[in-house]
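# no sequence on this one, just coordinates:
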C-alpha cells in the first residue's frame, strides 16, 4: 500500500519497536496479498489453458469439469470463477482487492465501468468490499432501467408526433381539396 496514504490506526500509544514490527507486518501482508491476487490470476490462466487444450483434443464441456475435480483441489465453479478473474484482471491492476472482491468484480455481470470504479477507489486508499460491488451493480441496473424507460418514453413521443404530423398532413390535403372545389365552383 502507498506510504503516502494516511493510516487510520493510532500507533502513538505503542513503543517504537512494536510500531516497527506492526508496520513491517502490514507491508508483508500487503505483499502477500498482492501475491495471492496475482496467483489467482495465474491459476485462472492455467485453467483457461487446460480448458483450451482439452477442447483442442475434443474433450469438451464436462471433460474439463471432470479434469478440474479429479486433478486439482478446486471445484468446477471455482475453476470457472478463476478463469473469469484471469480474463478480467490479467492486464489490470488489482490493488489489494482480496479473493471475494476479485470474484465479485470478475463475474460476467460486472461491467468494466464497475471494475474501473473499484480500482480507482482502491488506489485512493479506500477498501473495496463485495458490498460496494453489489451496490455499484444495483446502481448501474437502476440507471439502465431509467435509460430504457427514457428510451421508451422518447419512442412513444416520436410516435405521437408522427401521428399528429399525419393528421396535419391529412387536414392540409382536405383543406386544399376544399379550396380547389371552391375555386372551381
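Everything's here; your move. Remember, it's a predicted structure, so these values are computed and weren't measured experimentally.

# Distance check, residue 181 against residue 172.
15 Å (CB to CB, to the nearest Å). Any C-beta I mention is one placed from the backbone N, CA and C, and that applies to glycine too.

# What is the burial count for residue 82?
A total of 26 residues lie near residue 82 under the criterion other CB atoms under 10 Å.

# so who does it touch?
By CB atoms under 8 Å, 6 or more residues apart in numbering, the residues touching residue 82 are 40, 43-44, 47, 74.

# Return the helix or strand in the protein with minimum mean pLDDT.
helix 16-56 (a mean of 83; mean pLDDT, DSSP states H and E).

# re the thing from before, report the buried members of the contacts of residue 82.
The neighbour-count test (16 or more other CB atoms under 10 Å) marks 40, 43-44, 47 as buried among those.

# As TSV, those residues with distance to residue 130 would be great.
TSV is the format used below for the buried ones among the contacts of residue 82 (distance: CB to CB, whole Å):
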residue	distance to residue 130
40	15
43	20
44	18
47	22
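
# Show me what the least confident helix or strand of the chain is packed against.
helix 62-71, helix 76-89, helix 99-106 (3 or more CB pairs under 8 Å, 6 or more residues apart in numbering; DSSP states H and E).

# next one: that helix to chain centre, how far?
21 Å (CA atoms, centre = their mean, to the nearest Å).
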